[in-house]
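Trainee: structure, please.
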Amino acid sequence: MPWTQVSYLYDGTYAGFLTCVFDSFRHREEPADFTPFSEAAASFYPQRAVETHREKARRVYRSLDQFGREGKRWAVRGFLTCLEERELWLWRFYQLGFQEKSAVSRDLTHPVVDTVRKAVRHLEEEAHLLTGFVRFSELDGVLAGEISPKNRVLPLLRPHFCGRYPQEQFLLYDKTHREALIHVPGRWSILPMEEFQMGRAGAEELQYRHMWRKFYDAIAIQGRERHPGAGEPPVPHDPHAQAVLGQHDGVSAGGAGDRSQSDSFPLSPHISHSAIPKNTEILPPLSQQRG
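Mentor: The predicted structure is shown next:
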């Protein structure tokens, strides 16, 4: 019996998406599209509004182990990507993974596997680029930076920057997806944040920025000297790399999740330690992260 096509409405979170996956297999429904509640509109298909159910989400998440290590990585990180119709591609990948098990990561000629794999590679390459080009500014004792990535990279950047600055208070704001990585010694969170403004830099910070600009200009000139007649030095393949370099601050899924926790986070001289939930992030694993 053919599966019924249904338009799914959900809260935009990864747990919500996994709940949709659970319900689609339970009711033998093939999603025609996935739409956040906030963007709901009339559809040619029957609509199913799905409330996030943590236990259903956990069951689907645990079942991804069948895909093997590589396949599960693509299945989870795929939700962080900027892939168009991301949820539909992931649902097809999950369906294929439940059929092929760990062999799904070796089925590279399959269009669904190829599409998801390339999207995750783009996410990981963008995150890797940012580990080298994000620059924090010191504002009243807090390190602050802004990025504008295509993908939701904060969960991938977190281990790098929390490990690099374990004793610092810092905030890294993703302007594209309106969320922030906030860290104080011993604690970190990735939280929704509607607005963030860097504020005025002090004289010492302005001096650092001037030195950074001179350093960047020197590199650019050396690049032209090494390639006479080539014009501007080559720009890394990531479309936001130029913006990263130009702003000297920085360049995460998809669904922004519940934004009720924080509409704005004004930068104060010191981030309150008690205000930061211990080691939490919007995306999976569904259990708390440590470190």
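Trainee: just the helices from this structure, written as ranges.
Mentor: All helices of the chain, identified by DSSP state H, fall at 14-26, 54-63, 68-77, 86-100, 111-133, 154-164, 203-226, 241-247.
Trainee: so for Thr35, which of those helices sits nearest?
Mentor: helix 86-100 (9.1 Å; CB to CB). Backbone N, C-alpha and C define where each C-beta goes, glycine included.
Trainee: could you list the buried residues of the closest one?
Mentor: 86-97, 100 (16 or more other CB atoms under 10 Å).
Trainee: ditto for stretch 66-81
Mentor: Buried residues in stretch 66-81 (16+ other CB under 10 Å): 66-68, 71-81.
Trainee: with just CA atoms, put that stretch into CSV.
Mentor: What follows is stretch 66-81 as a C-alpha-only set of coordinates in CSV (Å, rounded to 0.1, in the frame of the first residue of the first chain):
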residue,chain,number,x,y,z
GLN,A,66,22.5,1.4,12.4
PHE,A,67,24.0,3.7,9.8
GLY,A,68,27.5,3.2,11.1
ARG,A,69,29.8,6.0,12.4
GLU,A,70,30.1,7.9,9.1
GLY,A,71,26.5,7.5,8.2
LYS,A,72,25.3,8.7,11.6
ARG,A,73,27.6,11.7,11.4
TRP,A,74,26.0,12.7,8.1
ALA,A,75,22.5,12.0,9.5
VAL,A,76,23.0,14.3,12.5
ARG,A,77,25.2,17.0,11.1
GLY,A,78,23.0,17.3,8.0
PHE,A,79,20.5,19.2,10.1
LEU,A,80,23.1,21.9,10.7
THR,A,81,23.6,22.5,7.0
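Trainee: which one is Leu90 nearest to, not counting chain neighbours?
Mentor: Spatial nearest neighbour of Leu90, excluding adjacent residues (CB to CB, 6 or more residues apart in numbering): Gly78 at 4.9 Å.
Trainee: hmm, that neighbour is touching Arg86, no?
Mentor: Yes. Using CB atoms under 8 Å, Gly78 is in contact with Arg86, at 6.7 Å.
Trainee: what is in contact with those two at once?
Mentor: Both Gly78 and Arg86 are in contact with Ala119, where contact means CB atoms under 8 Å, 6 or more residues apart in numbering.
Trainee: for Gly186, find the nearest of the helices of the chain.
Mentor: With CB to CB as the measure, helix 154-164 is the member of the helices of the chain nearest Gly186 (10.0 Å).
Trainee: what packs against the closest one?
Mentor: helix 111-133, strand 170-174, strand 179-184, strand 187-192 (3 or more CB pairs under 8 Å, 6 or more residues apart in numbering; DSSP states H and E).
Trainee: what do you get if the cut-off is 6 Å, keeping everything else the same?
Mentor: In terms of contacts (3 or more CB pairs under 6 Å, 6 or more residues apart in numbering; DSSP states H and E), helix 154-164 is packed against helix 111-133, strand 179-184.
Trainee: tell me which of these is the most buried.
Mentor: strand 179-184 (a mean of 24; mean count of other CB atoms under 10 Å).
Trainee: ok, and what's touching it?
Mentor: With CB atoms under 6 Å, 6 or more residues apart in numbering as the contact definition, strand 179-184 has outside contacts at 154, 158, 162, 169-173, 189-193, 271, 273, 276.
Trainee: out of the residues you listed, which are buried?
Mentor: 154, 158, 162, 169-173, 189-193, 271, 276.
Trainee: which among these gets closest to Val112?
Mentor: When the buried ones among the contacts of strand 179-184 are compared against Val112 (criterion: CB to CB), the nearest one is Leu154, at 26.5 Å.
Trainee: test my guess that the closest one contacts Ile190.
Mentor: Yes. Using CB atoms under 6 Å, Leu154 is in contact with Ile190, at 5.2 Å.
Trainee: separation between Ala57 and His122?
Mentor: 25 Å (CB to CB, to the nearest Å).
Trainee: now swap in Trp89 and tell me
Mentor: 13 Å.
Trainee: what's the answer for Glu179, then?
Mentor: 19 Å.
Trainee: quick check, pLDDT for Gln47.
Mentor: The model reports Gln47 with a pLDDT of 95.
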